[in-house]
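Novice: no sequence on this one, just coordinates:
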């Protein structure tokens, strides 16, 4: 009987070790290429974080796009603000991975807007729609 208990305990321990290593393998991801892992719109950036997060903004106010990028070192990303047929672009230097940065735009026309982040090959990494009232 004692042998069976020892065998059962050994199996439980072995199962826990295997399960733990499987969890580690499942959570490990290899990031290849540039990815925007977080992006938010707001009314300001303080201490490198977005403030006043929203999707609707007042006319003639500044809208801030804050984002966190991984997989980029010494890259330049383009932030393009769009309203109808109007496009306004800003280039941002990315110095490492991960990297937090932001851009802003004074929104002087009401209606539907969007902001898009693209890489140097013009691949769209992120697009966010918002309204100006």
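Specialist: Received, thanks. Fair warning: this is a prediction, and the values are worked out from it, not measured in the lab.
Novice: which parts of the chain are helices?
Specialist: Read by DSSP state H, the chain holds these helices, from start to end of the chain: 2-27.
Novice: what residues go with each domain of it?
Specialist: Following automatic domain parsing, one gets these domains for the chain: 1-30, 35-132.
Novice: quick check: which of those is buried the most?
Specialist: Compared across the domains of the chain, domain 35-132 shows the largest average neighbour count, a mean of 15 (mean count of other CB atoms under 10 Å). Just so you know, the C-beta spots here come from the backbone N, C-alpha and C atoms, and that holds for glycine as well.
Novice: list the contacts of residue 61.
Specialist: Contacts were defined as CB atoms under 8 Å, 6 or more residues apart in numbering; by that measure residue 61 touches 43, 106, 107.
Novice: likewise residue 114?
Specialist: If a contact means CB under 8 Å, 6+ apart, then residue 114 has 81, 82, 127, 128, 129, 130 as its contacts.
Novice: from what I can see the first one touches residue 109, true?
Specialist: Put plainly, it is residue 81. No: Residue 81 is beyond contact range of residue 109, at 10.8 Å (criterion: CB atoms under 8 Å).
Novice: low-confidence stretches in the chain?
Specialist: 1-32 (pLDDT under 70).
Novice: let's go with 90 and repeat that
Specialist: Confidence mapping of the chain against pLDDT under 90 gives the ranges 1-33, 72-74.
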